[in-house]
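J.: okay, structure incoming, though there's no sequence with it:
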Ligand SMILES: Nc1ncnc2c1ncn2[C@@H]1O[C@H](COP(=O)(O)OP(=O)(O)OP(=O)(O)O)[C@@H](O)[C@H]1O
């Protein structure tokens, strides 16, 4: 379990992270979402003891990262896939870390198979694509057989097949009782795998909760024959709306309330349904703006 309590980090006058709190439960995947510069990396670095918080605390299974005995055996971390020595091969990097962690050498081969680096394991990391580095980084994070994974933008550089593969791997890790915290700036990337979402914008948590609950709470998509009249009618009925790129509206209410408001105003509705992932995407953009 990861517990983040009132974490704040200031750089001079600028607060990169402001009073951020959330919990990642054991056996779940938590998606930490936010646009560029929102404060994701700074928060993850504080959780991993790499950046000192100005105030607040972060613990993993009740202990700050710095107090964990042999942390690589309990927490797998991937913060920057490019932070490996470019002159070493993938296999060499894993073998060196295995020695440091006290992990049997045989595990290196197993992990290389798992992340499907193929022949690249014998090539120098400096020649790797970003996707290959991410795969190696994931193998590195898993090397100590940890029960917690903290991954900063792990899908960066992965192709669609790679993203699908990684989702399966993380899902399986959590289903076997592990805890996963992963950041992304793309909702679509984590929506399918995350049990819980924490959305951050401007250094602050803007929304948090179960992915399904957040999905359910984002309102309905409604389209009218006369979009402007429909928008007017809903606003007059006290229902906030957001215009979507395809000409429909995202309305903050349930289907019945929205349908009734349109009917009362005599506006023809051509589509009315619960907002799906598209609604969540807009919600995400809205709350983290
Ligand atoms: N060492 C530092 N010194 C000064 N400002 C910093 C430092 N580290 C981060 N910041 C600032 O803190 C804010 C949050 O940065 P952070 O890297 O945590 O965001 P992020 O959500 O991870 O963004 P991205 O998705 O682009 O990686 C940014 O405004 C950034 O410029």
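T.: Looks like it came in fine. As the structure is a computational prediction, the values presented were derived from the model and not from experiment.
J.: assign residue 181 to helix, strand or coil.
T.: Following DSSP: H, G, I helix; E, B strand; the rest coil, residue 181 is assigned to strand.
J.: can you check residue 205 too?
T.: strand.
J.: ok, it to the ligand distance?
T.: 12 Å (CB to the nearest ligand atom, to the nearest Å). In short, each C-beta sits where N, CA and C put it, glycine included.
J.: any low-confidence regions in the stretch 101-250 of the chain?
T.: Regions of the stretch 101-250 of the chain meeting the criterion pLDDT under 70 cover residues 215-217.
J.: so which residues on it come close to the ligand?
T.: Proximity of the stretch 101-250 of the chain to the ligand is confined to residue 185 under the rule CB under 6 Å from any ligand atom.
J.: need the strands for the stretch 101-250 of the chain, in chain order.
T.: Remark: strands assigned in the stretch 101-250 of the chain by DSSP state E, counting those that start in this stretch are 148-152, 179-184, 196-201, 204-210, 220-224, 241-243, 249-251.
J.: identify the residues contacting the residue lying closest to residue 261 once chain neighbours are set aside.
T.: Nearest residue to residue 261 in three dimensions, chain neighbours excluded: residue 237, at 3.7 Å (CB to CB, 6 or more residues apart in numbering). Applying CB atoms under 8 Å, 6 or more residues apart in numbering, we find residue 237 in contact with 257, 261, 264, 265.
J.: who wins for most neighbours among those residues?
T.: residue 261 (22 neighbours; other CB atoms under 10 Å).
J.: now the residue nearest to residue 261: how far from residue 37?
T.: 37 Å (CB to CB, to the nearest Å).
J.: residues contacting the strand or helix carrying residue 98, please?
T.: Taking DSSP states H and E as the definition, residue 98 sits inside helix 90-101. Residues outside helix 90-101 that contact it (CB under 8 Å, 6+ apart) are 70, 72-73, 84-85, 88, 103-105, 107-108, 111-112, 117, 120-123, 125, 128, 132, 136, 139-140, 143-144.
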